[in-house]
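In: predicted coordinates and the sequence they were generated for:
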Amino acid sequence: MHTGVRLITFILLSMAIESSYGAFNNTYYVISNAETPSLRLPGLTPVGQQRAQTCIPSVFSSLNVGKIISCLPDKDSGNCFETIATATPLANALGLPIDTTCGADEETDDDCVVDLMKKFGKNSTQTIVIIWDLNAMDDLFENLDVDDGDDDDDDDDDDETPHFDLVTQVKKSKVQAIFSQNCTGIDGQAPGTFRRSLKRSAIEKRKVAKAKSSESSRNRMAKRRHQV
């Protein structure tokens, strides 16, 4: 009897701890600010404005978004001003406020964004959109503790090209998908999305070409021996 009581107590305590501190179940999407001018000039380019005003609202219109999180603009670093410009049309289209509680600077608590999503997840199952400064995306994903399921440390896979069109879909700290916004007239195939498959394809092509070359060499040598 006492063992049963202790077991029930342990289960209830575990459930309470998981509810308070465990991962939330909401799906969330992470995107960067839209295109910006070169040389760190302020504002969005015409392409960036098109992406923010027409494409992004269209992408998320049917994804049951209940919260939008963006970083707080910082005058010292210049970060996140274009992020707000990117988020505003989406917020207007969905009738949602933009939560700018968290900054992208070193003074902001690393758990700030996660805490916001946990708080939202206690009362809603709707999805969340995080729109973050492109220059601070690595820090964001580190703070979110996202597992992309990729153990390949091959530096050749690294892609330094900024891809403003990419959407990262995450649930329970695991990347579910990475896809392009496919904005009409802006986006083609997103190289960052397919770089690993392209690399594998290139390797296979090289193997086939090498095999054909070896076979051709063997045929030529056999022909010469036959002639002799």
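Out: That came through fine.
In: what ranges does the chain have for its strands?
Out: 28-32, 65-70, 98-99, 127-132, 166-171, 174-180 (DSSP state E).
In: what's the angle between the second one and strand 28-32?
Out: Translated: strand 65-70. Orientation note: strand 65-70 sits at an angle of 40 degrees relative to strand 28-32 (axes from the mean of the first three to the mean of the last three Cα atoms, to 10 degrees).
In: one more: the last one?
Out: Orientation check (the same axes, to 10 degrees): strand 174-180 against strand 28-32 gives 50 degrees.
In: what mean pLDDT does strand 174-180 have?
Out: The pLDDT scores in strand 174-180 average 93.
In: ok, now the third one?
Out: The average of the pLDDT scores along strand 98-99 is 97.
In: so which other helices or strands are in contact with it?
Out: Packed against strand 98-99 by the contact rule (3 or more Cβ pairs under 8 Å, 6 or more residues apart in numbering; DSSP states H and E) you find strand 65-70, helix 81-94. For glycine as for every other residue, the C-beta is placed from the backbone atoms N, C-alpha and C.
In: so which of those comes closest to Q50?
Out: helix 81-94 (10.4 Å; Cβ to Cβ).
In: in that closest one, what's buried?
Out: 81-91, 93-94 (16 or more other Cβ atoms under 10 Å).
In: any idea how far F141 is from the nearest residue to I56 once chain neighbours are set aside?
Out: Closest residue to I56 apart from its sequence neighbours, by Cβ to Cβ, 6 or more residues apart in numbering: L90 at 5.2 Å. According to Cβ to Cβ, to the nearest Å, L90 and F141 sit 21 Å apart.
In: below-threshold pLDDT in the chain: ranges please.
Out: Scanning the chain for pLDDT under 70 picks out the ranges 1-23, 148-160, 188-228.
In: mind listing what the closest residue to V59 other than its chain neighbours touches?
Out: By the measure of Cβ to Cβ, 6+ apart, the closest residue to V59 outside its immediate chain neighbours is Q181, 5.1 Å from it. With contact set as Cβ atoms under 8 Å, 6 or more residues apart in numbering, Q181 has these partners: 31, 51, 55-56, 59, 165-167, 187.
In: let's see 6 Å
Out: 55, 59, 165 (Cβ atoms under 6 Å, 6 or more residues apart in numbering).
In: kind regards, and thank you for your time.
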